[in-house]
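Undergrad: predicted model, plus sequence, below.
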Amino acid sequence: HYYITNNLRMVLWVALIVLSYIQSVHSQNYDLHFKNPVNTVFSTLGINNELQNLIRSPVNFLRDQLLSYSQQSVDSKDDDSKACETKVLSLVESLKTEESLKFVDALGKPPSGFLNGNTVLMGSYDTCTSMIKSAGYGSNYKPCKIKALMTMGNNSVGGTPLTWTVCFPQECRGGNFTSLKQGLLKIINSRWDPVHIAESSVVTTCDTDYNYSAGSYCAIVLISVIAFMVLVGSMWDPVVMLMTSLKVAEERKVLVNSEEGGAVDEIVPDSPAVQSKPVLDPFKSSTLGEVLKCFSVQRTVGALLNTTTKEGQILCMNGIRVLSINWVVLGHVYYIGLGAADYTDYISMWRKIPMAIIYNALPAVDTFFFISGFLVSLLLSKDLAKRGKFNAVGYYLHRYLRLTVPFLVVTLGQGFLAQIFIRGPFEDILNKGSENCNKWWWTNILYINNFVPWNKLEICVGQSWYLSNDFQFFIVAPLFIWLLYKSPRTGIAVTMTTLVCSTVAAGVITYGYNLGPSTVFDPNAANFTDFKLLYDKPWIRCPPYLIGLLGGWFCFKNLDSLKLYISRLRFITRLLLSVVIWITTCTVQYWVTFGLHNDMLKKTSGEKISLAGSVVYETFARSSWGIALLVQIVSCQCGLGGIINKVLSWKGWIVLSRLTFAVYLLHYIIIQSFIVQLRHPFFYKPDYEIAILYFGFLGMSYLAAALLFTCVEQPLTFLERMTYRK
């Protein structure tokens, strides 16, 4: 059915093009209004006037724009404008040559369902990019996109993104595109009665051939060095181990005289001769051998798959970490898809209650802030109790290297290589990120990209704002932990004061700038004020981390005694306590996740949301989520988790939890790579198809994360241990 429908559509377009050409031959003023022959086709197919205008407009627009050029004075046109006008006029006017027919064929045309939201006029990317001079065409062609926000009919919600892809020769790219943009507004706003486009929303871009930059060469060199070390280390490890075992066996052979007076080789492990000779270990013979051993795949994969646990580990955190990163990936599947989305029934989709999990996936990130603060506090408190001092150099250097090396690999790859090797109709999604990385890559390794640049749209590696916040929290965490260790009352007072100040700041900023809850996805907003003021700023995002600091210190001081106290309670008391705890905490988490559904209903209906409600949510949501998590984790550790604790503590989560950091770094570019190369819009329906795509993205993310872990993260851990031993 899909194949037949598309072929019928192609036949219709060819027929319309041919008929338009026949009509244009008899027209003296080059008016492509498709009179008698085409109108007969329209009447036969039952196409109304509005759709007739939509179908005619792509070619009409080009002709009208060129005619407006011709009415300008010659002095007002530069050489480039004249060249563009001449080239496109010859293509639209003739429709005889293969070049002109392919030009029109590659032009984006209104698809079925346009008036219902299917507003991506794709065109043919492959046809356009195949038209180059070396193939016998008169010019090199590249796809260009005109993006705008348009309203249709009585839609009062704001607008629907429109993407129109046009295939222009090189003469028409650059500054000439400004006039074409203005022409688009004129044609659509005057001829398509139900459609209106605001001039301020129109953005035009053209695909660019990217050359290798300094960042690209750095990425290639770094990745090549890592690959070389992994290859050599993986070959060196088994070879040397085999040589070692052979040498050991040879050393343990002792010549023993037999009763017949002959001589045979017999293995005598406890022979004094053997015990007096040292066993050769080539890895300890040189630093190079030690370094190569760190990159051995056999060893790094073994470390990844190791599920050995130790007493006192909080195993339920493994499951929480994996489920949270899976939630983050799900939210980004929808978010990244917006760059190529089909907006059919778009508004109604967000009105469904389950969609709150998508547009309000930020609690998943707050979970990672909480876990980070909890583990830092717990481990540092244990270290202070054992050593009585704080090793600042080791603390900061360890964290910086463990984060920065894999982060740098991803930054260079995503920011400087992706746009060269990943090309497609929606490559502007990657191109913007590449431009940002050329300017702001250095903010990543300094972990200040949530401040510089101030505009979040210019961040290099979009998902990395979290790492900057986390590292900034990590820098100041020892101050709170030291106070909690030395003077618990003072530490609690300082931490709680900071927490209250953060929550109040979120409410004040929300009220002062009249913002809606930042976690609500607004399908109409082009204003990123909430991102700049609330979304990625540490003084707003710190409450879950601070609660984690308090929770880690509390568990260090009181968890054992709390376990003992609860174990002495009667079974019925423990059961009732467990039920109350889980019902209460899950209710709080339900409010944080789904509490914005009413706001979404109002936004998608064009109603004004309650400012008081927004202030309350922004003030208490993050802290509430962190407190609920803390209570749940403590309950699991004290035997009140039941089946939930058993599921979250499953040993299989241990392997996947080691990959969550790499998944966070890599899933973004994996999703983008798919979206960029689509030859059709990204469809949000049916849900079954989205589910298939999601699990595909998730699986690819974990596979790529396993590669990053075994080639970069774990070797770095081995190198760090080797350095400490020395």
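TA: Done, it's in.

Undergrad: can we go C-alpha only for contacts and neighbour counts from here?
TA: Will do.

Undergrad: what about Thr208, which helix or strand?
TA: Assessed by DSSP states H and E, Thr208 sits outside every helix and strand.

Undergrad: what about the longest strand in the chain?
TA: strand 141-152 (DSSP state E).

Undergrad: what are the pairing partners of that one, and which direction each?
TA: strand 160-169 (antiparallel), strand 195-197 (antiparallel), strand 203-206 (antiparallel) (DSSP bridges).

Undergrad: what's the first one in contact with?
TA: Judged by CA atoms under 8 Å, 6 or more residues apart in numbering, the contacts made with strand 160-169 from elsewhere in the structure are 84, 87-88, 103, 106-109, 117, 119-123, 128, 139-151, 343, 524.

Undergrad: return that strand as PDB; C-alpha atoms alone will do.
TA: These are the backbone C-alpha positions of strand 160-169, laid out as PDB (Å, rounded to 0.1, in the frame of the first residue of the first chain):
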ATOM      1  CA  THR A 160       3.500  24.500  14.200                       C
ATOM      2  CA  PRO A 161       7.100  24.300  12.900                       C
ATOM      3  CA  LEU A 162       7.300  24.300   9.100                       C
ATOM      4  CA  THR A 163      10.300  22.900   7.300                       C
ATOM      5  CA  TRP A 164      10.600  23.400   3.600                       C
ATOM      6  CA  THR A 165      13.600  21.800   1.800                       C
ATOM      7  CA  VAL A 166      14.600  23.400  -1.500                       C
ATOM      8  CA  CYS A 167      17.500  22.300  -3.800                       C
ATOM      9  CA  PHE A 168      19.400  25.300  -5.000                       C
ATOM     10  CA  PRO A 169      22.500  25.700  -7.200                       C
END
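
Undergrad: what separates Trp441 from Ser468, distance-wise?
TA: Distance of Trp441 to Ser468, computed by CA to CA, to the nearest Å: 13 Å.

Undergrad: repeat that for Trp653.
TA: Trp653 is 26 Å from Ser468, by CA to CA.

Undergrad: then Pro169?
TA: Pro169 is 43 Å from Ser468, by CA to CA.

Undergrad: what number of residues are in the vicinity of the residue nearest to Pro425 when sequence neighbours are not counted?
TA: Distance criterion CA to CA, 6 or more residues apart in numbering; nearest residue to Pro425, sequence neighbours excluded, is Tyr125 at 5.7 Å. Applying other CA atoms under 10 Å, we find 23 residues neighbouring Tyr125.

Undergrad: repeat that for Cys294.
TA: Quick note: Cys294 (other CA under 10 Å) scores 27 neighbours.

Undergrad: my read: His667 touches Leu698, true?
TA: Yes. If you go by CA atoms under 8 Å, His667 and Leu698 touch, sitting 7.5 Å apart.

Undergrad: identify the contacts common to those two.
TA: Joint contacts of His667 and Leu698 (CA under 8 Å, 6+ apart) are Val329.

Undergrad: tell me which of those two has more neighbours.
TA: Taking other CA under 10 Å, His667 and Leu698 do not tie; His667 has more neighbours (25 against 21).

Undergrad: and the gap between that one and Tyr617?
TA: For His667, the distance to Tyr617 (CA to CA) stands at 29 Å.

Undergrad: buried sites along the longest helix along the chain?
TA: If you go by DSSP state H, the chain has its longest helix at helix 214-251. Neighbour counts over helix 214-251 (16 or more other CA atoms under 10 Å) mark 215-216, 218-220, 222-223, 226, 229-231, 233-237, 240, 244, 248, 251 as buried.

Undergrad: go on, stretch 413-422?
TA: So for stretch 413-422, counting by 16+ other CA under 10 Å, buried means 413-420.

Undergrad: which of those sits closest to Tyr335?
TA: Closest to Tyr335 out of the buried residues of stretch 413-422 is Gln414 (17.7 Å), distances taken as CA to CA.

Undergrad: once you drop chain neighbours, what's closest to that closest one?
TA: Per CA to CA, 6+ apart, closest to Gln414 is Ile669, 6.5 Å.

Undergrad: where does the prediction get shaky in the stretch 351-500 of the chain?
TA: Flagging of the stretch 351-500 of the chain using pLDDT under 70 yields the residue ranges 455-456.

Undergrad: recalculate using a threshold of 80.
TA: 431-432, 454-457 (pLDDT under 80).

Undergrad: tell me where it has helices.
TA: 356-359, 362-387, 392-412, 418-421, 428-445, 465-486, 488-512 (DSSP state H, counting those that start in this stretch).
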